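Q: Coordinates for the following, if possible.
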Amino acid sequence: MALTVLCLSFVLLLLLGVPVAFAIGLSCLATFFVEGLPFETAIQMMVSGMNVFSFLAIPFFIFSGELMLHGGIADKIVNFARSLVGHWRGGLGLANVVASTLFGGVSGSPVADTSAMGGVMIPIMKREGYSAAYAVNVTTHASLSGALMPTSHNMIIYAFAAQAATGMIDGHVIKGVSIGDLMFAGLIPVFWIMVCMLVTAYWQAVKYGYPKRPDGSTMLEKFPGWGEVLRTFVASLPGLGVVVIILLCILKGVATATEAAAIAVSYSLLLTVFIYRTMSKEKLLKSLAKASKTTGVILLLIGVSNMLRYQMAYLEIPDAIEAALLAATHSPWLMLLYINIIQIVLGIFLDMAAHILITTPLFLPLAIQMGVGPVQFGMMLLLNCALGLVHPPVGTVQFVGCAIGNISIGEATKTAWPYYFAIFIAITLVTYVPGFSTWLPTLITGHAVL
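A: Numbering: from 1, shown residues only. As a prediction, this is how the structure comes out:
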C-alpha cells in the first residue's frame, strides 16, 4: 500500500506539472502519513541530507561558473576556437564544439555553457550561413561536457549519493567514492565526446554545404595565421586556468574539493574584476542572485531526496529492484545494458540532480556486484543524465538552446540523432571498457581507482 502511494502520488504530481523537488517531498509526506510514521522523522531526514560540509562546494562551483559566464570569459574562448578551426568546412560549428567544451570546464554546468556559448555563437552561425537547427544542436550537445568536468557540481551530488556504497571488487574494498577520482575520471570521456561532436558537426556541414549564402553558394573564412591562434590562446588561458588550479589543488593535497571550489571563486573574482575588468556591479549581483537560486533548488532536491532514500530503504525498494534484475539475468553484460536503458528512460523525465539522487542508491549496489566500481558507475550515470538534458520533454539544455535559436524543440530534434549516437557510443565505452574512465585517475593518483 505504502509503495503504491509513493509511486502513484509522485507520478501524478509530475503529470500535474509540480516541480520535481516538491513532487518528491509531497509524495514522501503522503507515504509517511499512510505508514503512520512521524513527520518529525521526515524533517530530520531532509535537514540531515542538506547539512553536509562537503556540500559547500556546490554553491562555490556554481558561483564560480556564473562569474565566468557574466565576466566575458566566453568571448575569449570563442575567439581562440574560431581562429583555430574557423576556416574549415563547417568552421563555426567546429569552433562552437571546441569553445563549448572548453567553457564547460570553466562553468561546470551544461545549462550555463549553452547560455554563454549559445548567446554568442548561435546568432553568429545563423547570420553566416548555418541553419538554426544545426547551430542549436552543435551548441547544446557539445555543452554536455560540463557535466563531467572538474568544476561540475553534479559530481559533488553523485559523491554524496554514493557515500553509503560498500563492497569488494578484485580484492579492493569499496567504501564511498573520492571526489578527486571523479574529477580526473571525466577528462577522457569529455575528450571523446568532443571528438565525436567534431566529427558529427563536420559531417553535417559537408552534407548540407555549411556555411552557405541564401543563393546556395558557399562562404568560408580565411585562416588568420598561427600568430593569431597563439594570441587568442594566450588571451583565453587565464579563464581556462580555473580547471588546472582545481585539479592541482586536489592532486597535490593543497585543498579538498570544497576548498578548491572556494579558491575557484576567489580566482574567478580576481580574473573578472582586476585582470579582464569585465565584471560590473550589476553583473556581480546577477551572478550572486543566479547562484543563490540554483543552490537553493539543488539543496532542496538533496533534502527531499534524502527523505526518499529513507522511504526506499524502509520499503526495501532497492532490494526488490535488485531481485527483479537478477531474476531477469545473471550476465554482467546484460545487467549493465538493462541499467543503462532504465537510466536513459528516466533521464527523459527527471532533471539531472534529481536523477542522480534517486537512482544512485538503486543501481550502484547492483553495479558493484557486477564488478563496476563507483567511479566508473558515476561516469555512466552522469553521461545518461547528460543525454536527458538534450532530450524532450524535460531537456533543459535543449530548451535553452532552442529559445536562443528561436526554433521549436521538434525542429531541432529532427537532425539531432547523430549527436545522440555519439553520446550512446561514449556511454557504451564507459560501461564496458573500465579503463576509459578509471585509467587516468589511477595513473595520476597512484592508487587503484574503480
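
Q: any idea of the mean pLDDT for stretch 68-80?
A: Mean pLDDT, stretch 68-80: 76.

Q: and for that stretch, what are the contacting residues?
A: Outside stretch 68-80, the residues that touch it by Cβ atoms under 8 Å, 6 or more residues apart in numbering are 95, 99, 102-103, 106-107, 112, 115-117, 119-121, 229, 232-233, 235-236, 239-240, 242, 268, 271-272, 276, 278-279, 283-284, 286-287. (Each C-beta comes from the backbone N, C-alpha and C, glycine too.)

Q: In contact with Glu66, which residues?
A: Glu66 sits in contact with 112, 286-288, 290-291, where contact means Cβ under 8 Å, 6+ apart.

Q: So which of those belong to helices?
A: Among the contacts of Glu66, DSSP state H puts 112, 286-288, 290-291 in helices.

Q: Of the residues you listed - the most surrounded one?
A: Tallying neighbours with other Cβ atoms under 10 Å puts Ala112 at the head of the ones in helices among the contacts of Glu66, with 26 neighbours.

Q: Might you list the low-confidence residue ranges for the stretch 151-300 of the chain?
A: For the stretch 151-300 of the chain, applying pLDDT under 70 flags the ranges 212-221.

Q: show me where it has helices.
A: 153-161, 179-185, 187-208, 226-251, 257-269, 281-314 (DSSP state H, counting those that start in this stretch).

Q: Out of the contacts of Glu66, which is nearest to Tyr314?
A: Ala291 (34.8 Å; Cβ to Cβ).

Q: distance of the closest one from Gly171?
A: Computed as Cβ to Cβ, to the nearest Å, the Ala291 to Gly171 distance reads 43 Å.

Q: And for Leu3?
A: The value you get for Leu3 to Gly171, if Cβ to Cβ is used, is 37 Å.

Q: if I read this right, Val430 contacts Met380, doesn't it?
A: Yes - counting by Cβ atoms under 8 Å, Met380 is a contact partner of Val430 at 5.3 Å.

Q: Could you check which of the two is surrounded by more residues?
A: With neighbours defined as other Cβ under 10 Å, Val430 and Met380 compare such that Val430 has more, 29 against 25.

Q: any idea how far the residue nearest the centre of the chain is from Thr166?
A: Most central in the chain under Cα atoms, centre = their mean is Ala147, positioned 2.1 Å from the mean C-alpha point. Ala147 is 26 Å from Thr166, where distance means Cβ to Cβ.

Q: swap in Lys175?
A: For Lys175 relative to Thr166 (Cβ to Cβ), the value is 6 Å.

Q: And Val98, by the same measure?
A: Counting by Cβ to Cβ, the gap from Val98 to Thr166 is 41 Å.

Q: Pick out whichever of these two has more residues nearby.
A: Using other Cβ under 10 Å as the criterion, Val98 and Thr166 rank with Val98 on top: 21 against 12.

Q: filter the contacts of stretch 68-80 to the buried ones?
A: Neighbour-count burial (16 or more other Cβ atoms under 10 Å) applied to these gives 95, 99, 102-103, 106-107, 112, 115-117, 120-121, 229, 232-233, 236, 239-240, 242, 268, 271-272, 276, 279, 283-284, 287.

Q: Okay, strands next: where are they in the stretch 351-450 of the chain?
A: Counting by DSSP state E, counting those that start in this stretch, the stretch 351-450 of the chain forms no strands at all.

Q: which residues of it score low on pLDDT?
A: Within the stretch 351-450 of the chain, the stretches with pLDDT under 70 are 392-394.

Q: tell me the contacts of the residue lying closest to Leu56 once chain neighbours are set aside?
A: Spatial nearest neighbour of Leu56, chain neighbours left out: Thr258 (4.9 Å); criterion: Cβ to Cβ, 6 or more residues apart in numbering. By Cβ under 8 Å, 6+ apart, the contact set of Thr258 is 53-54, 56-57, 60.

Q: Just the buried subset of those residues, written out for PyMOL, thanks.
A: Typed into PyMOL, the line below selects the buried ones among the contacts of Thr258, using 16+ other Cβ under 10 Å:
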select buried, resi 56+57+60
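
Q: that older thread, would you point out the most distant pair within the contacts of Glu66?
A: Across those, the longest distance by Cβ to Cβ is 14.5 Å; it joins Ala112 and Leu288.

Q: Pull the contacting residues for Phe233.
A: 80, 84 are the contacts of Phe233 under Cβ under 8 Å, 6+ apart.

Q: Please repeat the previous calculation with a cut-off of 6 Å.
A: Each residue near Phe233 by Cβ atoms under 6 Å, 6 or more residues apart in numbering is listed here: Phe80.

Q: and if you look at the one 5 residues further on?
A: With contacts defined as Cβ under 6 Å, 6+ apart, the neighbours of Pro238 are Leu271.

Q: Skipping adjacent residues, who's closest to Trp203 in space?
A: Residue nearest to Trp203 in three dimensions, not counting chain neighbours: Pro418, with 7.0 Å by Cβ to Cβ, 6+ apart.

Q: pretty sure that neighbour contacts Leu198?
A: No - if you go by Cβ atoms under 6 Å, Pro418 and Leu198 don't touch, sitting 11.9 Å apart.

Q: The two: who's more crowded?
A: Set Pro418 next to Leu198 and count neighbours by other Cβ under 10 Å: Leu198 wins out with 21 against 17.

Q: ok, and the closest non-adjacent residue to the more buried one?
A: Leaving aside its chain neighbours, Leu198 sits nearest to Val97 (5.3 Å; criterion: Cβ to Cβ, 6+ apart).
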